[in-house]
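Colleague: Generate a structure from the sequence data that follows.
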Amino acid sequence: MLNYLWSGMIIFAILIAAFSGGMEAITQSALDSSMEAVDLAFKMCGSVAMWTGIMRIAEKSGIIEGLARKMGPVLRFLFPDIPEGHPAQKYIATNMIANVLGLGWAATPPGLKAMEELQKLNKKKDVASHAMCMFMIINISSVQIISINIISYRMQYGSQNPTEIIGPSILATLFSTLVAIIYGKLKYRKE
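Modeller: Take a look at the predicted model:
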């Protein structure tokens, strides 16, 4: 549905530009934006590589394992259906740690592995389990304390104070995650 909406808006904008004589501006804007996107992607490669590497080092050195154990009570509260010591807990913890640091690209692989492990626990293979739904709800709520992504983008675009978003980011994260957890727990209790 969203594809149709975006396609419709793009076609509408092109038609308006064609009839109002603004095709040159649309073409120039499309070319400038695509060049800027490629430039930004190259500039962000260093930041992505560094933080992904740090997450890998943390995983290999046992830091992630230790943090996952410390997160045990929180994980048991959020995911009571997952047996103690199940691999899904480690992957969920890794995903949450990466998300808390604002490293979405580093959070995706453990998130996918967590879903695979949760599917193995799922009794109804064609319907998402409560644990799967809670995991998705928490991920969608944007759990991040330090938005390293956004700070990097702000630095690339010349912000005078790229870290000023940390306060609002923490506030937004606390609110959205709290609402997500309450919603997930209410749905779990209802069923």
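
Colleague: mind checking pLDDT for residue 101?
Modeller: Reading off the confidence values, residue 101 has pLDDT 76.

Colleague: Pull the contacting residues for it.
Modeller: 51, 144, 145, 146, 148 (CB atoms under 8 Å, 6 or more residues apart in numbering). Yep, even glycine has a C-beta here, placed from its N, CA and C like the rest.

Colleague: Run through who's touching the strand or helix carrying residue 178.
Modeller: Counting by DSSP states H and E, the element that carries residue 178 is helix 166-190. Residues from elsewhere that reach helix 166-190, judged by CB under 8 Å, 6+ apart: 78, 102, 130, 133-134, 137-138, 140-147, 150-151.

Colleague: Repeat that for stretch 29-44.
Modeller: 152, 153, 156.

Colleague: Which one (most neighbours) among those?
Modeller: If you count neighbours using other CB atoms under 10 Å, the busiest of these is residue 152, which has 20 neighbours.

Colleague: And the helices in this structure?
Modeller: 2-20, 23-60, 63-70, 72-78, 87-100, 104-121, 130-140, 148-156, 166-190 (DSSP state H).

Colleague: which of the ones you listed has the lowest average pLDDT?
Modeller: Lowest mean pLDDT within these: helix 148-156, at a mean of 78.

Colleague: From residue 144, how far off is residue 112?
Modeller: Distance of residue 112 to residue 144, computed by CB to CB, to the nearest Å: 18 Å.

Colleague: same thing with residue 159?
Modeller: Remark: distance between residue 159 and residue 144 (CB to CB) = 18 Å.

Colleague: neighbour count winner among the two?
Modeller: With neighbours defined as other CB under 10 Å, residue 159 and residue 144 compare such that residue 144 has more, 24 against 14.

Colleague: Test my guess that the more buried one contacts residue 99.
Modeller: Yes: if you go by CB atoms under 8 Å, residue 144 and residue 99 touch, sitting 5.6 Å apart.

Colleague: coming back round to it: need the max-distance pair from the contacts of residue 101.
Modeller: Distance extremes for those: the farthest pair is 51 and 145 at 14.2 Å, using CB to CB.

Colleague: The residue most central in space within the chain - nearest residue in space that isn't next to it in sequence?
Modeller: For the chain, residue 104 is the residue whose C-alpha lies nearest the centre (CA atoms, centre = their mean; 4.4 Å). Using CB to CB, 6 or more residues apart in numbering and skipping the chain neighbours, the partner closest in space to residue 104 is residue 149 (6.2 Å).

Colleague: and the gap between that neighbour and residue 90?
Modeller: Distance from residue 149 to residue 90, by CB to CB: 24 Å.

Colleague: Likewise for residue 40?
Modeller: Computed as CB to CB, the residue 40 to residue 90 distance reads 33 Å.

Colleague: likewise residue 41?
Modeller: Distance from residue 41 to residue 90, counting by CB to CB: 31 Å.
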